[in-house]
Each structure stands twice: as structure tokens, then as C-alpha cells.
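Q: no letters, just coordinates:
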């Protein structure tokens, strides 16, 4: 309750009493930065640690922790990563991106026009349905990158080994990872699997045809 003083028919706050009451009630809440100091450094560093720039090696450590969590959630993916890491330690594989075959939109279009290449689109089903490279039905297949382990386990990927493959995504980044998975983990011929540089975005900018809607589904998928 606030302290009041009475006047002629009116009531006024007693400011002095109110201030005194506030001091008494807040006596136990006095904050002292000195109490927070210790040998570990400034108290601001401890309370705002997440706002500090990451130290050297911190980003790599956090990435490893994140990849570990992903591996734990997918045993199949964990086994593939383990096999890939083992090969790298044994020195069997050079830098994957350095030796990766890449095609620009024009070269990819020319190969498709000659019937010399099959497209593996690693985007989601929804993205593939919305917009994709226009080809004959047998020249393109949608295998989302997240489904690679299942396709590999069921033998769905193996039937594409004999073909020259162009792997595409939206911007060319996920497709790079897909090429690495196909060639370094699943044993596809690196000379026969190419990343389509710039993905579907570059294809559209180059003015090459696209299509949309439901694709014809292969019964073997």
C-alpha cells in the first residue's frame, strides 16, 4: 500500500515515505559487479559469451558436433560418413571438389539434346514438380539428396551407373555434395558424373526450357 497524507478533502502521496519504503524493500536486491568478478575474466564475458566472435577452431568444432548429431539420427548416413573418412585417412581420395567434373548450362543442354546425358535432380519433390529442366521423360529422374541412402540400399541408384549423369539442384551446391556421394561413396565413375554449375537457376538465366507438373514416374523407383 502506498503511504498517503491527508489534506482538505484530498489525499496526496507522501513522497518521502514512499522513497523510504522502496529503499527498505530493495535492500536485498542490491547488485554489485564486484561480487561477480573471479579469476575467469570480466563478468560481461561470462554473461554475454554467445555474443562474442568465435575463436579460431570454434566454428569447426561446432560443425563437427552438428554433423555428429545428424549422424546419430541416421545410422545409414553415419556408416557412409565413416567409410568416406576411412578412405580419406588412407589417402585413397584426393580433394573431391578439385577433381569433380562440372558442366555449364550450355554444355548440359547440348548433351541432353544429343541424348548423351541423364539428369539426376536432387531437389525436393515439391521443387522438382514446380520447375525442372525440360527433357524427354527417360532423360531425367528426381532423387532428393536426402533419399540417397534409401535409393542406394534398395538398388535404385545402381541402374544409372551405365549412363553419363548430370546432377542438378537449385544453385549447384547440394548437387556438388551429391556428386561426391555418388563417386566417392557409391563407387560411380567420376569421369561420368558431372555437377551442373549454377543449378536450375543458371539454366533458367541462360534461357533454356523448363517444365512443371507431375513427372512420369518410373515403376522401378
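A: Thanks, I have the structure now. Model, not experiment: these values are computed from the prediction. Numbering: from 1, shown residues only.

Q: all strands for the chain, in order.
A: Assignment of strands within the chain using DSSP state E yields the ranges 4-6, 11-13, 101-103, 118-121, 132-133, 140-142, 165-168, 193-196, 210-211.

Q: with respect to burial, which of the ones you listed scores highest?
A: A comparison of the strands of the chain by mean neighbour count, using mean count of other CB atoms under 10 Å, puts strand 165-168 on top with a mean of 28. (Each C-beta comes from the backbone N, C-alpha and C, glycine too.)

Q: stretch 153-167: end-to-end distance?
A: Start to finish, the residues bounding stretch 153-167 are 20 Å apart (CA to CA, to the nearest Å).

Q: flag every buried residue along that stretch.
A: Within stretch 153-167, the residues that qualify as buried by neighbour count (16 or more other CB atoms under 10 Å) are 156, 157, 160, 165, 166, 167.

Q: what of stretch 175-188?
A: When neighbours are counted by 16+ other CB under 10 Å, the buried residues of stretch 175-188 are found to be 175-186, 188.

Q: let's see which of those end up in helices.
A: The subset of those located in helices under the criterion DSSP state H comprises 175, 176, 177, 178, 179, 180.

Q: among the buried residues of stretch 153-167, which two are most distant?
A: Considering CB to CB, no two members of the buried residues of stretch 153-167 lie farther apart than 156 and 166, which are separated by 17.9 Å.

Q: contacting residues around residue 157?
A: Neighbour list for residue 157: 143, 148, 151, 182, 186 [criterion: CB atoms under 8 Å, 6 or more residues apart in numbering].

Q: let me know the closest of the ones in helices among the buried residues of stretch 175-188 to residue 200.
A: Using CB to CB, the shortest approach to residue 200 within these belongs to residue 175, at 9.6 Å.

Q: returning to that earlier point: could I get the buried residues of stretch 153-167 as a markdown table with pLDDT and distance to residue 204?
A: As requested, those are arranged in a markdown table below (pLDDT from 0 to 100; distance: CB to CB, whole Å):
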| residue | pLDDT | distance to residue 204 |
| --- | --- | --- |
| 156 | 93 | 28 |
| 157 | 93 | 27 |
| 160 | 95 | 25 |
| 165 | 97 | 21 |
| 166 | 96 | 16 |
| 167 | 97 | 17 |
